[in-house]
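**Q** Got a predicted model here, sequence first, then my questions.
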Amino acid sequence: MATLDHEVPIRTDTVFHVASVSKEFTAEVIALLVLADALSFEHPVQPYLSWVPDLGYVVMVCHLVHRTSGLRGQ
């Protein structure tokens, strides 16, 4: 069920809000890339995420993992 309170079923076009759940998966993928020497926690994220604005400081991968980047969550 998409919502138990209103007995709305899940359909093929049901949208799921996964923001809170996706953080752990993203952090795990980053950890795997670091272990494979394909990424460093000290790399700036702007080359990988062009939408990250200039905040007056360098946002690094470790900031995203620890949620200390100063970027809004949504």
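**A** Thanks, I have the structure now.
**Q** for this structure, what are the low-confidence residue spans?
**A** Low-confidence segments of the chain, defined by pLDDT under 70: 19, 73-74.
**Q** can you give me the helices for it?
**A** Shown for the chain, the helices assigned by DSSP state H span residues 19-35, 61-65.
**Q** Select, out of the ones you listed, the one closest to Arg72.
**A** Using C-beta to C-beta as the measure, helix 19-35 is the one of those that comes nearest Arg72, at 11.1 Å. For every residue, glycine as well, the C-beta is placed using N, CA and C.
**Q** which helices and strands sit right next to that closest one?
**A** helix 61-65 (3 or more C-beta pairs under 8 Å, 6 or more residues apart in numbering; DSSP states H and E).
**Q** What lies in contact with the helix it packs on?
**A** Residues outside helix 61-65 that contact it (C-beta atoms under 8 Å, 6 or more residues apart in numbering) are 26-27, 30-31, 34, 39-43, 45, 68-71.
**Q** Can I get that helix in PDB, CA atoms only?
**A** The C-alpha coordinates for helix 61-65 follow below in PDB (Å, rounded to 0.1, in the frame of the first residue of the first chain):
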ATOM      1  CA  VAL A  61      33.500  14.400  -1.000                       C
ATOM      2  CA  CYS A  62      34.000  14.000   2.800                       C
ATOM      3  CA  HIS A  63      31.600  16.900   3.300                       C
ATOM      4  CA  LEU A  64      28.900  15.100   1.300                       C
ATOM      5  CA  VAL A  65      29.400  11.900   3.200                       C
END
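**Q** and it, which residues are buried?
**A** Val61, Cys62, His63, Leu64, Val65 (16 or more other C-beta atoms under 10 Å).
**Q** Run the chain-centre distance for it.
**A** 10 Å (C-alpha atoms, centre = their mean, to the nearest Å).
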